[in-house]
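>>> what shape does this take:
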Amino acid sequence: MFNTTEIAKGVNVFTRKTDQFKTVNISIRFKKELSIEDTASRTVLTNVLQHSNATFKTAAAVRMYLDDLYGTVLYLDTTKKGNEEIVLLNIETVNDQYLKHDNVLDKVLELIHTVLFKPNLENGAFVSSIVAREKAMVIDRIQSIFDEKSRYAQVQLQKLLRPNHPASISVNGTVEAVNAITPESLVKTYKSMLENDAVDIFVVGDIDEVQIIKTIKTALPLADRATPYVVKVVEDTEPITDYKKEQMDMRQAKLHIGYSTPVKFGDIDFPKMQIFNGIFGGYPSAKLFVNVREKESLAYYCGSSYSSQYGLVYVTSGIESQNEEKASRLIDEQLTAIQLGDISDMELDQTKAMLTNQLTEALDSARGQIEIYDQYRDLPGGFSVPAMAEKWAAVTKEDVANVAKNVRKETVFFLTGMEEA
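Numbers count the residues shown, from 1 in each chain. All right, here's what the predicted structure looks like:
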């Protein structure tokens with residue numbers, strides 16, 4: 001799907017030449033081991049780099065220049081994948097083939113160079129007023145979780161289910177970690193990222209692959225990484241408790257349940273677990289949606305998700321407080337039904353079709369192609385949509401029942417209104 005070129009040790013360029021799009025998409029990913037302190041610092045760093053550099057010192061100046069480049073979109077962000085924390089720099093710009101006189105792609109790569117290699121420094125440190133502003137923005141983002149009750153409930157569940165573990169570490173860090181950042185410490189984070197992180201650079205568009213790699217090597221003068229990049233395996237931690245109830249000033253209660261499974265990304269049973277999750281609660285045709293929400297009307301919403309990097313399954317639902325016991329029992333019954341092989345042909349076939357369609361639809365955008373390839377490329381034997389579809393097609397009801405038998409309920413977090421006090 002992508003051609004790979006190593007331009008320095010630990011720095012790889014993945015190119016895909018296609019006339020499917022009128023744009024060129026570039027995604028640069030700096031990767032390192034996950035830690036609470038670093039996530040906070042790197043999130044603040046992405047904000048600082050996006051909104052100010054030595055050439056364009058204000059966010060307004062950056063936006064004006066992007067507008068001049070035919071509405072080029074540039075943004076930085078942080079995310080995590082298993083035990084990795086990743087700084088993203090994503091660019092989408094018009095393909096030069098559709099312009100008469102301008103060479104926009106070269107200018108865009110020059111801008112990427114400016115953003116990453118020409119920071120706005122004052123006496124060797126980032127400008128204190130800019131750092132203070134971006135720290136405040138990140139703190140607001142962290143604290144905004146209290147306004148989104150479903151997200152708050154999920155974060156609390158993860159902290160209870162896997163304390164001191166990548167599954168419960170926020171990409172934004174903590175308020176305490178953000179407050180500890182200084183303009184000087186941020187420079188150390190910045191230099192470490194450029195010098196030590198493993199780097200993946202994805203390019204999708206109607207491009208000259210040889211030329212784009214040459215241009216990227218000039219625009220991104222990244223040296224060999226001193227040590228090979230190895231993703232460390234983190235041992236699972238034990239749940240703090242199997243049940244916790246919390247009360248807030250709110251109307252709709254949130255019932256969130258965490259399960260563990262020995263099957264993780266890349267395991268031979270990984271496709272079977274994806275099918276299990278689809279039948280359990282991943283789609284509108286799933287048992288949780290049909291039986292808990294539709295038939296019994298016990299939930300405003302009810303679904304499941306499979307976090308394959310951590311071997312966790314989450315059920316999230318919005319219910320009336322007085323229905324907690326009924327909803328919990330009915331959710332348990334759906335898992336038991338799958339474990340006993342109570343799976344219809346329609347449930348199995350629809351789930352396989354939904355998974356395949358979801359994957360196919362993601363490839364309709366350049367960004368989707370990058371995300372899907374980056375997500376699946378480490379699978380044993382490589383990745384392609386037909387190959388993945390074949391693995392799903394081979395899954396039987398018995399396969400689903402067998403992996404379901406190893407899904408273990410571990411922790412429940414119930415967030416309810418103050419009227420229960």
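>>> so what secondary structure elements neighbour the lengthiest helix in the chain?
Among the elements of type helix in the chain, defined by DSSP state H, the one spanning the most residues is helix 345-362. Under the contact criterion of 3 or more CB pairs under 8 Å, 6 or more residues apart in numbering; DSSP states H and E, the helices and strands touching helix 345-362 comprise helix 270-277, helix 366-376, helix 385-393. The way it works is simple: take the backbone N, C-alpha and C, and place the C-beta from them, glycine included.
>>> winner for burial among those?
Of the helices and strands packed on helix 345-362, the one with the most neighbours on average (mean count of other CB atoms under 10 Å) is helix 270-277, at a mean of 25.
>>> report the angle between it and helix 345-362.
Computed by axes from the mean of the first three to the mean of the last three CA atoms, to 10 degrees, the angle separating helix 270-277 from helix 345-362 equals 110 degrees.
>>> now name the helix or strand holding Glu398.
Counting by DSSP states H and E, the element that carries Glu398 is helix 397-404.
>>> what does that helix contact?
For helix 397-404, the external contacting residues (CB atoms under 8 Å, 6 or more residues apart in numbering) are 261, 263, 269, 272-273, 275-276, 279-280, 335, 338-341, 343, 348.
>>> for the residue nearest to Ser52 when sequence neighbours are not counted, what are its contacts?
Leaving aside its chain neighbours, Ser52 sits nearest to Asn120 (4.4 Å; criterion: CB to CB, 6 or more residues apart in numbering). When the contact criterion is CB under 8 Å, 6+ apart, the partners of Asn120 are Val48, Ser52, Asn53, Ala54, Lys57, Phe126, Val127, Ile130.
>>> re earlier: which parts of the longest helix of the chain are buried?
Judged by neighbour count (16 or more other CB atoms under 10 Å), helix 345-362 contains these buried residues: Glu347, Leu348, Gln350, Thr351, Lys352, Ala353, Met354, Leu355, Thr356, Leu359, Ala362.
>>> got it, and stretch 256-268?
Applying a neighbour-count criterion of 16+ other CB under 10 Å, one finds His256, Ile257, Gly258, Tyr259, Ser260, Thr261, Val263, Lys264, Phe265, Asp267 buried in stretch 256-268.
>>> please give the number of neighbouring residues around Asp293.
Let me fix one detail, which is that residue 293 is Arg and not Asp. Using other CB atoms under 10 Å, Arg293 is surrounded by 23 other residues.
>>> verify the contact between it and Ala299 for me.
Yes - the pair Arg293 and Ala299 passes the contact test of CB atoms under 8 Å, sitting 4.7 Å apart.
>>> where does pLDDT dip in the stretch 151-300 of the chain?
Applying pLDDT under 70 to the stretch 151-300 of the chain flags no residue at all.
>>> all helices of it, in order?
175-179, 183-196, 209-219, 270-277, 287 (DSSP state H, counting those that start in this stretch).
>>> now the angle from the fourth one to helix 385-393?
Pointing back at helix 270-277 there. With the same axes, to 10 degrees as the criterion, the two stretches helix 270-277 and helix 385-393 enclose an angle of 60 degrees.
>>> output the contacting helices and strands for the helix or strand just after helix 270-277.
Where DSSP H and E defines the elements, the next helix or strand beyond helix 270-277 is helix 287. Counting contacts by 3+ CB pairs under 8 Å, 6+ apart, helix 287 packs against helix 324-339.
>>> how many neighbours does Gly173 have?
Residue neighbour count, defined by other CB under 10 Å, stands at 26 for Gly173.
>>> and it, how far from Val48?
In this view, Gly173 and Val48 are 15 Å apart by CB to CB, to the nearest Å.
>>> got the domain ranges for the chain?
The chain breaks down into these domains under automatic domain parsing: 3-219, 243-420.
>>> and Val230, which of these is closest to it?
Among the domains of the chain, domain 3-219 comes nearest to Val230, with 9.1 Å by CB to CB.
>>> and the closest one, end to end?
Domain 3-219 has its terminal residues 20 Å apart, counting by CA to CA, to the nearest Å.
>>> from the chain's centroid, how far away is that domain?
Between the centre of domain 3-219 and the centre of its host chain there is 14 Å, according to CA atoms, centre = their mean, to the nearest Å.
>>> pretty sure Phe21 sits against Gln97.
No - the pair formed by Phe21 and Gln97 falls short of the contact definition of CB under 8 Å, at 11.1 Å.
>>> between the two, who's got more neighbours?
Each of Phe21 and Gln97 had its neighbours counted (other CB under 10 Å), and the higher figure belongs to Phe21 (17 against 12).
>>> give me the nearest residue to Arg408, chain neighbours excluded.
Of all residues beyond its chain neighbours, the one nearest Arg408 is Ser260 (5.1 Å), with distances taken as CB to CB, 6+ apart.
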